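In: Predicted coordinates and the sequence they were generated for:
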Amino acid sequence: MPSRQTILVFDTGLGGLTVLREIVRARPDVHYIYVADDAFFPYGHRSEDQIIARVVPLFGRLLEEHAPDLAVIACNTASTLVLSHLRAEYKTPFVGTVPAIKPACASSKSRRVSVLGTRGTVKREYTQALIRDFANGCQVTLVGSAELASLAESALRGGEVSDAALLQEIAPCFVEDGESRTDTVVLACTHYPLLMDRLVTLAPWPVEWIDPAPAIARRVVDLLGPDPGEAEPANAELIFTSGRSQLPRKALAPFFGGRIPA
Ligand code: DGL
């Protein structure tokens, strides 16, 4: 029997679980290792130099220890900066998560698209280049949120997060000018889909929310192949760089296709 493939999924915290969930649906047979760099969270508040100096050597250790077949950087704030460094440094294939500006601008009818990400992601040259190359005549509004990733973490942990606090972070995405108003919001931080139901309810008007997770799962399948179909679901591991578990592991089982990560 061929040995199990291993995928390492990395984020700064629990947001990358929204990407993991989609990949697990597409490839339930794979052995997953989810790494949350919570000791350095939130990356959105870190400088570019700090993030590069943190992530590149951290990956040296992770790849040596776990030897995955593929690594997914399930974080826009990191991917838009370190993906090229990781690919230059290590042979492992990397799949990144970057703002879904191209599909959003291709499908917007009102030609008004907002990109909601961390302050780091919206100011990256990588994001500016996506707008230059793929805005397709749309007016793109960049919204850098200082708090939404932390609010999503706390909501997932069962904390009280008020509607007012969420609305304050998303309100600048809703731009209205005469007849035309925003019809598409790119969720350019993997934490935000954790709040999807509340974002939909709080939106001043209905919009298309673009979550990149299904596209990332398709990319993983392109690289590793489809689910062979016969294998039992493999086990999964969850690593917090702080060494402290943020939540009972059982609570995170739905993101791992029902299995409780070790
Ligand atoms: N989940 C990360 C992203 O996709 C951001 C969270 C952070 O600021 O660390 O950008």
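Out: Sure, I can see it.
In: Roughly how far does Thr118 sit from Val9?
Out: Distance of Thr118 to Val9, given as C-beta to C-beta, to the nearest Å: 18 Å. (Glycine included, C-beta is placed from N, CA and C.)
In: isn't Met42 right up against Leu151?
Out: Quick fix: residue 42 is Pro, not Met. No. Using C-beta atoms under 8 Å, Pro42 is not in contact with Leu151, being 10.8 Å away.
In: So Ile7 belongs to a strand, correct?
Out: Yes. Judged by DSSP: H, G, I helix; E, B strand; the rest coil, Ile7 forms part of a strand.
In: How about the contacts made by it?
Out: Residues in contact with Ile7 (C-beta atoms under 8 Å, 6 or more residues apart in numbering) are 23, 27, 30-33, 68-72, 220, 224.
In: now with 6 Å?
Out: Ile7 makes contact with 30, 32, 68, 70 under the criterion C-beta atoms under 6 Å, 6 or more residues apart in numbering.
In: For the chain, what lies in contact range of the ligand?
Out: 11-13, 15, 41-44, 75-77, 118, 121, 149, 189-191 (C-beta under 6 Å from any ligand atom).
In: So which residues of the stretch 151-262 of the chain form helices?
Out: 163-170, 196-202, 213-224 (DSSP state H, counting those that start in this stretch).
In: Rebuild those helices as CSV, extending it with mean pLDDT.
Out: Below are the helices of the stretch 151-262 of the chain laid out as CSV (pLDDT from 0 to 100):
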stretch, mean pLDDT
helix 163-170, 97
helix 196-202, 98
helix 213-224, 97
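In: Put together JSON lines for those helices, with mean neighbour count on each row.
Out: Shown next, in JSON lines, are these (neighbours: other C-beta atoms under 10 Å):
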{"stretch": "helix 163-170", "mean neighbour count": "16"}
{"stretch": "helix 196-202", "mean neighbour count": "14"}
{"stretch": "helix 213-224", "mean neighbour count": "17"}
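In: Between those helices, which one is closest to Leu142.
Out: For Leu142, the closest of the helices of the stretch 151-262 of the chain is helix 163-170, at 13.5 Å, according to C-beta to C-beta.
In: Distance from that closest one to the middle of the chain?
Out: Remark: helix 163-170 is offset 20 Å from the chain centroid, using C-alpha atoms, centre = their mean, to the nearest Å.
In: Ok, stretch 231-240 next?
Out: Worked out by C-alpha atoms, centre = their mean, stretch 231-240 lies 19 Å from the chain centre.
In: Pull up the distance across it, start to finish.
Out: Across stretch 231-240, the terminal residues are separated by 28 Å (C-alpha to C-alpha, to the nearest Å).
In: same question, stretch 70-78
Out: Using C-alpha to C-alpha, the two ends of stretch 70-78 sit 17 Å apart.
In: now it: mean pLDDT?
Out: Stretch 70-78 shows an average pLDDT of 98 in the prediction.
In: Buried residues in that stretch, which are they?
Out: 70-78 (16 or more other C-beta atoms under 10 Å).
In: and those, which two are the farthest apart?
Out: Farthest pair in the buried residues of stretch 70-78, by C-beta to C-beta: Leu70 and Thr77, 20.5 Å.
In: Show me the strands paired with the helix or strand bottoming out on mean pLDDT in the chain, marking each as parallel or antiparallel.
Out: Every helix and strand of the chain was ranked by mean pLDDT, DSSP states H and E. The lowest is strand 176-177, at a mean of 92. Strand 176-177 has the following sheet partners, assigned by DSSP bridges: strand 180-181 (antiparallel).
In: Would you state the strands of this structure in chain order?
Out: Ranges of strands within the chain are 6-11, 31-36, 70-73, 94-95, 112-118, 139-145, 176-177, 180-181, 184-188, 208-210, 236-240, based on DSSP state E.
In: Figure out which of those strands is closest to Pro103.
Out: Between those, strand 208-210 lies closest to Pro103; by C-beta to C-beta that is 6.5 Å.
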